[in-house]
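**Student:** quick one, what's the 3D model for this:
(chains A, B, C and D)
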Number of protein chains: 2
Amino acid sequence: MRQMFNSLQVEDGILSVRAAQQIQERIRSGELRRGDRLPSERELSEYLGVSRTVVREAIKLLKAMGLVRVRQGVGTFIAEPGPEILEAPIAALMGSGPKVIADLHQVREILEPPIAAMAAQNAAEDHIARLEQAMHDMEANIFHLERYIEADQRFHSILAEATGNSVLQLVAYSIVDLMQRERHLCFASPGATQRGCYHHQRILEAVKARDSQAALAAMQDHLGQIRDDITPNIQSLLSAQEMTETAEDGA
Amino acid sequence: MRQMFNSLQVEDGILSVRAAQQIQERIRSGELRRGDRLPSERELSEYLGVSRTVVREAIKLLKAMGLVRVRQGVGTFIAEPGPEILEAPIAALMGSGPKVIADLHQVREILEPPIAAMAAQNAAEDHIARLEQAMHDMEANIFHLERYIEADQRFHSILAEATGNSVLQLVAYSIVDLMQRERHLCFASPGATQRGCYHHQRILEAVKARDSQAALAAMQDHLGQIRDDITPNIQSLLSAQEMTETAEDGA
DNA sequence: TCGGTCATACTGGTCGTACCATTGCATTTC
DNA sequence: GAAATGCAATGGTACGACCAGTATGACCGA
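**Tutor:** Okay, here's the model as predicted:
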């Protein structure tokens, strides 16, 4: 039924790449499921008919793709493909600068209001319960920034998950996560967490009431507030950056 | 010359990961620029004080991240980070199924109308010229599907680029590209290319007129047409998939 | 019997060498 | 001068040895 492996006419003769594709194929086909331990490198090398060097490089590729998790002394395991595997490529793609922060926020302003509206329509009871938990955690930690940010991020993740759209969830998670890395920008203003709680509360109530219009509006207000908080900081950073670049040009 | 590398107290003892970070750091800092060739593996291993195995695995990681391009017999080069490096992780993350196609399209419906509106506001003359070129290529190839699809994709990419938002460009490119892979769904209906030309023409004219509202509406209509084209196909695929799953359950 | 210690047999991580395959360039040859 | 040749450098593969964690179970003492 599945000798499709050989049918992959991979022009890339590199054995390690091909080996990685073979393993990947076995994962995708369900032959190996998440959490499973795949054979040891020595076994794989014998099974695939290549040296352990090749197997190791193949696993290295899979690891970079986030498909496996390697634990020394234990084994290599199929990882649950989490949205975080996008972070590295995205981060590598666009070194972080103030301009990128502004761009990120702009994308959020496009994506998240519709997400909130969809969540209000499609959220299951379980999602609402988890949203309330996240809401509670935020309110309990308005002075504990680390925990507050975690709950904040969790809130938005659950919202994206509640849409039932896996792609949306993926993209939204990546954007929010990259955004939160610049937490010192978003939460520099005094009272930012309190204002955040207020807006999140409005979003949550709209979702519970299944009012997608209200959810959309609440999310727009929320993001507008964040924009107001970060804009002055970004402005100063942008001007600082320009000065630096000017200085470099002169050097 | 620069033993700054030693100052990185990376707790992750894995040498290859650390080596990859060191090289990555040198790229990010501008010490190595895109297109540059980095030292040979043998030189790097000596310079970093590790074996060539480690250097190779580090390069493998960078390659998976899309940061370098390796050419046998020539060397390893810093790659221009293109948006396509996101495709592999995204594709790996969500095996393609009819549900994913529908989700992808939904995200497009959220993202692209605002993109068109922003492009109408911010497009430079150069962008408009390239949009006209893409438009022309589409009209010239309404019966040559391969070329038509290429021009179609190019049109949307230029539009995203014209927004001036790098993150938006990145996300939109990934979505559109993944979408186009299911071209047999999007262009199965007769006359799909002609209808596409009509809508693209409307979008282009709105952008040229700097009318963001019209651009937004035109893009909405365009995506709505695509949705009408693909919906029946997806429905049949979904039902077929359910039948397969039912059969597997019985087995 | 219970509980801790330690030997052991895995696992992945690193190393070094040798060799193969491809490429680019200098040299030779016509 | 142009084509063929040879050489040197690069990345790709292989093998074998050993290092470094981890889990397991045998062992021994209380």
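**Student:** how about A:Phe77, secondary structure?
**Tutor:** When states are read from DSSP: H, G, I helix; E, B strand; the rest coil, the local structure at A:Phe77 comes out as strand.
**Student:** tell me the contacts of it?
**Tutor:** Contacts were defined as C-beta atoms under 8 Å, 6 or more residues apart in numbering or on different chains; by that measure A:Phe77 touches A:35-38, A:68-71. Backbone N, C-alpha and C define where each C-beta goes, glycine included.
**Student:** out of these, list just those in helices.
**Tutor:** Cross-referencing the contacts of A:Phe77 against helices under DSSP state H gives no overlap.
**Student:** dump the residues you listed into TSV; add distance to DNA strand C and neighbour count as well.
**Tutor:** Output for the contacts of A:Phe77, formatted as TSV (distance: C-beta to the nearest atom of the strand, whole Å; neighbours: other C-beta atoms under 10 Å in any protein chain shown):
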residue	distance to DNA strand C	neighbour count
A:Gly35	15	10
A:Asp36	12	12
A:Arg37	8	13
A:Leu38	7	18
A:Val68	10	24
A:Arg69	10	15
A:Val70	4	16
A:Arg71	6	9
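**Student:** and those, which is closest to chain B?
**Tutor:** When the contacts of A:Phe77 are compared for distance to chain B (C-beta to the nearest C-beta), A:Val70 comes out closest, at 8.8 Å.
**Student:** please name the nearest non-neighbouring residue to A:Leu159.
**Tutor:** Of all residues beyond its chain neighbours, the one nearest A:Leu159 is A:Ala119 (4.8 Å), with distances taken as C-beta to C-beta, 6 or more residues apart in numbering or on different chains.
**Student:** do you know how far the one you found is from DNA strand C?
**Tutor:** 39 Å (C-beta to the nearest atom of the strand, to the nearest Å).
**Student:** is it correct that that residue is in contact with A:Ala218?
**Tutor:** No. Distance between A:Ala119 and A:Ala218: 11.3 Å, which falls outside the contact criterion (C-beta atoms under 8 Å).
**Student:** between the two, who's got more neighbours?
**Tutor:** Comparing A:Ala119 with A:Ala218 by neighbour count (other C-beta atoms under 10 Å in any protein chain shown), the higher total belongs to A:Ala119, at 29 against 25.
**Student:** okay, the angle between the helix or strand where that one lies and helix B:98-122?
**Tutor:** Per DSSP states H and E: A:Ala119 is located in helix A:98-122. Computed by axes from the mean of the first three to the mean of the last three C-alpha atoms, to 10 degrees, the angle separating helix A:98-122 from helix B:98-122 equals 130 degrees.
**Student:** now whichever helix or strand comes after helix A:98-122: mean pLDDT?
**Tutor:** Scanning forward in sequence from helix A:98-122 by DSSP H and E, the next helix or strand is helix A:125-140. If you average the pLDDT over helix A:125-140, you get 95.
**Student:** if we can go back for a sec, could you name the helices and strands sitting against the helix holding A:Ala119?
**Tutor:** Counting contacts by 3 or more C-beta pairs under 8 Å, 6 or more residues apart in numbering or on different chains; DSSP states H and E, helix A:98-122 is packed against helix A:145-162, helix A:166-180, helix A:192-208, helix A:212-250, helix B:98-122, helix B:166-180.
**Student:** okay, those in a markdown table with mean pLDDT next?
**Tutor:** Output for those, formatted as a markdown table (pLDDT from 0 to 100):
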| stretch | mean pLDDT |
| --- | --- |
| helix A:145-162 | 92 |
| helix A:166-180 | 84 |
| helix A:192-208 | 93 |
| helix A:212-250 | 78 |
| helix B:98-122 | 92 |
| helix B:166-180 | 84 |
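**Student:** OK, contacts around the residue nearest to A:Leu159?
**Tutor:** By C-beta under 8 Å, 6+ apart, the contact list for A:Ala119 reads A:127, A:159-160, A:162-163, A:207, A:215.
**Student:** so which residue of chain A comes closest to DNA strand C?
**Tutor:** The nearest approach of chain A to DNA strand C comes at A:Ser40, 3.2 Å away (C-beta to the nearest atom of the strand).
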